[in-house]
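**Q** compute the structure for the input listed below.
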Amino acid sequence: MSYNLTYSDEQQALVQTARDFTKKEIIPVAGKLDEEGKFPTELLKKAWQTGLMNAEIPEEYGGLGANCLDHCLIQEEVAYGCLGINTSLAANMLGAMPLLIAGTHEQKKEYFGRLTSEPNTFAAYCCSEPDAGSDVAGLSTKVTKHGDDYVLNGQKRWITNGGVANWYTVLATSDKSKKHGGISVFVVDANTPGVKVGRKEDKLGQRASNTTDVIFEDVKIPKSALIGEEGKGFKVAMKTFDRSRPWIAAGAAGAIRRALEESRNYALERKTFGVPIAKHQSIQNIVADIAVSYEATRLLCHKAAWSVDQGKIDSIVSSYAKLYGADMAMKAAVDAVQVFGGYGYTKEYPVEKLMRDAKLLQIYEGTSQIQRMVIARNLFASK
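**A** Numbers count the residues shown, from 1 in each chain. Below you'll find the predicted structure:
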């Protein structure tokens, strides 16, 4: 099947819905939520009611049944308004993705049903730990078998939606010496005895998203909580990241487009030496580079999403999109601050927040350095 750059009527309607929602609901409150570090509960309720959450949950479980490209189209629009709100909105699908990949019908019916039947029901993906971020195989959260049950012990860190989630998907190891081979993944109710929410992070950017530790102390879960097979959790985690990295590129595209439009509008209004700064070649060059990075990020994002939707999930394609998009979003935000000059360094305009928010794109779900490692390993692998 050929790669088609034309969007369907349904996709165009989805973009317009998300764009209208962002303009009406997100942009007016994004600065205040950022300043207060407040989780956008009411806003996400409206997003749920509008059909912008849980996008890739299949229709049979009450979801939109969107594909990866559809979801990316939504995320670009939401990220244009606020990357932190976009992260909060997308975290449900990240938490749900292991179940989508390897869960049973019964698990999907139960846990997807919770997300789609009531607003303000959230999920979280518990992978990262204090000493294991990008190195998933080095995680320490321990799972032991007790008869037909499992017991979890460990601490997860930097968990998006960690403090508000109704349930978690949790990676744990039966034997750390086995590295990849010892890891399994489980679905765990947040109200299970021994599950505790730890400290909430006070972050540089994306402050509207809820990021906490999640602690497991002798948490007893049934065998029905196992997602897929024992010892196969690392593969599920990698497949999850391959499917979620296009989302990061989509968020990056939204941030870059915001940087572009804010810079262009300001450059046409602001005057120096008697003319708008848009007349100065140095400013023109900056804005032109932002425009090119937006187009390139969007194309890489959509190619990666299209590959996922064709069942041709390729780590290198997802990493191209995530790496380039994240790095270009950070550059575009810094450049936008430069276009604004002194005003860009103040909270009077949104570009300083854009710069703080964009930095996280280079860190979470595999840093830009890790993406380069993934790409290089693929390029040098034996054919």
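
**Q** in the helix or strand hosting residue 238, which residues are buried?
**A** Taking DSSP states H and E as the criterion, residue 238 maps to helix 233-269. Residues of helix 233-269 classed as buried: 233-237, 239-260, 262-264, 266-267 (neighbour count, 16 or more other C-beta atoms under 10 Å). Using the backbone N, CA and C atoms, a C-beta is placed for each residue, glycine as well.

**Q** how about stretch 95-109?
**A** Buried residues in stretch 95-109 (16+ other C-beta under 10 Å): 95, 96, 97, 98, 99, 100, 101, 102, 103, 107, 108.

**Q** contacts only, for the nearest residue to the first one once chain neighbours are set aside.
**A** What it means is residue 95. Sequence neighbours aside, residue 123 is the residue nearest to residue 95 in space, at 3.1 Å (criterion: C-beta to C-beta, 6 or more residues apart in numbering). Residues in contact with residue 123 (C-beta atoms under 8 Å, 6 or more residues apart in numbering) are 91-92, 94-96, 111, 115, 161, 165-169.

**Q** make CSV from these and add pLDDT and secondary structure to it.
**A** Formatted as CSV, these follow (pLDDT from 0 to 100; DSSP: H, G, I helix; E, B strand; the rest coil):
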residue, pLDDT, secondary structure
91, 97, helix
92, 96, helix
94, 98, helix
95, 98, helix
96, 98, helix
111, 98, helix
115, 98, helix
161, 98, coil
165, 98, strand
166, 98, strand
167, 98, strand
168, 98, strand
169, 98, strand
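
**Q** would JSON lines of those residues with distance to residue 73 be doable?
**A** Formatted as JSON lines, the contacts of residue 123 follow (distance: C-beta to C-beta, whole Å):
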{"residue": "91", "distance to residue 73": "18"}
{"residue": "92", "distance to residue 73": "17"}
{"residue": "94", "distance to residue 73": "18"}
{"residue": "95", "distance to residue 73": "21"}
{"residue": "96", "distance to residue 73": "19"}
{"residue": "111", "distance to residue 73": "25"}
{"residue": "115", "distance to residue 73": "20"}
{"residue": "161", "distance to residue 73": "22"}
{"residue": "165", "distance to residue 73": "25"}
{"residue": "166", "distance to residue 73": "27"}
{"residue": "167", "distance to residue 73": "27"}
{"residue": "168", "distance to residue 73": "28"}
{"residue": "169", "distance to residue 73": "25"}
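
**Q** which residues pair with residue 196 across the strands?
**A** Beta bridges link residue 196 to residue 215 when assigned by DSSP bridges.

**Q** follow-up on the earlier one: let's have the buried residues of stretch 95-109 in TSV, adding distance to residue 77.
**A** TSV is the format used below for those (distance: C-beta to C-beta, whole Å):
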residue	distance to residue 77
95	22
96	21
97	21
98	26
99	26
100	23
101	26
102	30
103	29
107	31
108	27
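
**Q** now the strands for the stretch 251-383 of the chain?
**A** 271-272, 275-276 (DSSP state E, counting those that start in this stretch).

**Q** ok, now the stretch 1-150 of the chain?
**A** Under DSSP E, counting those that start in this stretch, the stretch 1-150 of the chain gives strands at 122-126, 142-146, 149-160.

**Q** packing partners for the second one?
**A** Contacts defined by 3 or more C-beta pairs under 8 Å, 6 or more residues apart in numbering; DSSP states H and E place strand 142-146 against strand 149-160, strand 165-173.

**Q** how about the last one as PDB, C-alpha atoms only?
**A** Just to be clear, that refers to strand 165-173. Extracted in PDB, the C-alpha atoms of strand 165-173 (Å, rounded to 0.1, in the frame of the first residue of the first chain):
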ATOM      1  CA  ALA A 165      -4.500   6.900  38.000                       C
ATOM      2  CA  ASN A 166      -7.200   4.400  38.600                       C
ATOM      3  CA  TRP A 167      -4.900   1.600  37.400                       C
ATOM      4  CA  TYR A 168      -1.300   1.000  36.400                       C
ATOM      5  CA  THR A 169       0.600  -1.200  33.900                       C
ATOM      6  CA  VAL A 170       3.700  -2.200  35.800                       C
ATOM      7  CA  LEU A 171       7.000  -3.700  34.600                       C
ATOM      8  CA  ALA A 172       8.800  -5.900  37.200                       C
ATOM      9  CA  THR A 173      11.500  -8.500  37.200                       C
END
